[in-house]
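K.L.:
show me how the following folds:
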Amino acid sequence: MSDLFTFTVTNKTELAIKELWVSVDDEEWASFSLGESGIPSGETATIAWAEYKNGSPCEWYISAVFEDESETESALFNFCKEPDLTIG
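P.N.:
From the prediction side, this is the model:
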């Protein structure tokens, strides 16, 4: 069994979240694979960090891209203090 760190994302918007992007410095971004349906409106998804990220900082910028291609502003989020994120 691996020790992957997970967090949840709850989508409280009217649109499905198709992409979730994270950055430690708000400049270089990486995306999480959300599958074909993404995170539908009103749903919560559990997402796992890649194992090589286990020693990384707690605070990351996060941004979501919706099914209509609109996106949220990036926001700094502390995954160690609060592993449950709500968008919307």
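
K.L.:
next, work out how far apart A64 and G55 are.
P.N.:
25 Å (CB to CB, to the nearest Å). All C-beta spots, glycine's among them, are computed from the backbone N, C-alpha and C.

K.L.:
these two: which is more packed in?
P.N.:
Remark: of A64 and G55, A64 carries more neighbours, 25 against 5, as counted by other CB atoms under 10 Å.

K.L.:
bridged to that one, which residues?
P.N.:
L20 (DSSP bridges).

K.L.:
I'd say it and L15 touch.
P.N.:
No. The pair A64 / L15 is not scored as a contact, 9.5 Å apart, by CB atoms under 8 Å.

K.L.:
stretch 55-63: end-to-end distance?
P.N.:
End-to-end distance of stretch 55-63 (CA to CA, to the nearest Å): 21 Å.

K.L.:
so how far is it from its chain's centroid?
P.N.:
Offset of stretch 55-63 from its chain centre (CA atoms, centre = their mean, to the nearest Å): 10 Å.
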